[in-house]
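Student: Dropping a prediction and its sequence here:
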Amino acid sequence: MSLSIESSDPAALLQFYIDCGADEAMGDVALDRTKLSDKVALFTQPGQGAKPALAPTSMPGPGAADTAPLGTIESLSDARALAAEAKTIEALKAALESFRGLSLKRTATQIVFSDGNPAARIMLVGEAPGADEDRLGRPFVGVSGQLLDRMLGSIGLSRESNIYISNVINWRPPGNRSPSEAEIALSLPFIQRHIELVNPAVLIFAGGVAAKALMNTSVGITRLRGKWAEHTSDGLKKPIPALPIFHPAYLLRSPQEKRLAWADLLKLKARLKELGIL
Ligand code: URA
C-alpha cells in the first residue's frame, strides 16, 4: 500500500480508504462529527424513566420529504403508535414499511421481516439482517443462519414446521455494523408488537442485542444465556418464557462456546417437551 497520496487525486484517496478496509458507506448522510455534540439523538429504552434526547427535526438528509422525523422523539412516538395500531402480522409489516423514522431502510435493499411458520409456538428473535438476508429478504439465510438451522434441527425444530423467526432490526445496517441504540429503540415497538401478534408459547433471543433489548437490561449475553426469563409487554395477556442463547455468528467466531450453546439447546428441548410442544 502506498502512503503517498495526492489530495488532488480523489481516486488515489479512495483507493487508500479501500486499502484501509473502509470499503463501504456506513451511513447515508455525511456527518461533520466536530459539529455534532449538541445534535446527537440519544435514545433510551422505553420504561427506563429517562427521556430520549432531542435531535433536531432539521437534521440534514437527502430527500427531506421522506426523512422529516428521522432520529427524533416524534419518530419514537410514531413507531409506538404505528406498531400498536397493527392488528395482524401483515399489517405490522406494512406499518414498518411505511415508518419513516429509521434511516436504515434507505441504505438497505429491502425489508427483512420474518421467516418460518407464523402459527408456530416457538419464536426466535435475532439481531439484524446481514448482506445475504438483505439480498434475499429473509432472516438468517447466510452462514450464521445455516448454523442456526443446524442448531435448531438438532432438537427437532425447523422453519418449515415449528419455529418462526424475526429480528429486532428489520433492515440491514450498512456494512454490517452493529445497530445503534437509537435504531434499536425505534425498532423495539415493532418487534414487541410482532411478538404480541404471534403470541408464541416460548421465545428464544439469539444474541446479546435481542436479549438486552427485549429483556430491557444491560447485562451481557454471557450472563443471560441459558437462564429462563419472562418476556412481557402491554399487549400480552401473560408473560412468555424466554431463553437467551449465544448468537450463531458468535459461535462461528468462538467455536469453543458451542458446548454451552448445546447445553442451552438441551434446556430448551426439555422445556418444550414439558409444554407438550415437542
Ligand atoms: N444475524 C441476525 O441476527 N439476523 C439475521 O437475520 C442474520 C444474521
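Tutor: Yep, that arrived.

Student: State the helix or strand in which Ile165 lies.
Tutor: Assigned by DSSP states H and E, Ile165 falls within strand 164-167.

Student: what pairs with that strand, and is each one parallel or antiparallel?
Tutor: strand 114-116 (antiparallel), strand 122-126 (parallel) (DSSP bridges).

Student: How far off centre is that strand?
Tutor: 10 Å (CA atoms, centre = their mean, to the nearest Å).

Student: Any idea which residue of the stretch 101-250 of the chain lies closest to the ligand?
Tutor: Minimum separation of the stretch 101-250 of the chain from the ligand (CB to the nearest ligand atom) falls at Gly126, amounting to 3.0 Å. For glycine as for every other residue, the C-beta is placed from the backbone atoms N, C-alpha and C.

Student: quick one on the thing from earlier: tell me the average confidence for the strand holding Ile165?
Tutor: The pLDDT scores in strand 164-167 average 98.

Student: same thing with stretch 113-132?
Tutor: 98.

Student: List the beta-bridge partners for the residue of the stretch 101-250 of the chain closest to the ligand.
Tutor: Assigned bridge partners for Gly126, using DSSP bridges, are Asn167.

Student: is it true that it touches Tyr164?
Tutor: No. If you go by CB atoms under 8 Å, Gly126 and Tyr164 don't touch, sitting 12.0 Å apart.

Student: which bits of the stretch 1-150 of the chain sit near the ligand?
Tutor: When proximity is defined as CB under 6 Å from any ligand atom, the stretch 1-150 of the chain approaches the ligand at 126-130, 133, 139-140, 144-145.

Student: give me that answer again for 5 Å
Tutor: Within the stretch 1-150 of the chain, the positions near the ligand by CB under 5 Å from any ligand atom are 126-127, 129-130, 133, 139-140, 144.

Student: Same check on the stretch 151-278 of the chain?
Tutor: So the stretch 151-278 of the chain meets the ligand at Asn167 (CB under 5 Å from any ligand atom).

Student: before we move on, which element is the nearest residue to Val219 once chain neighbours are set aside in?
Tutor: Closest residue in space to Val219, ignoring its immediate chain neighbours: Lys212 at 7.2 Å, by CB to CB, 6 or more residues apart in numbering. Assessed by DSSP H and E, Lys212 sits inside helix 208-215.
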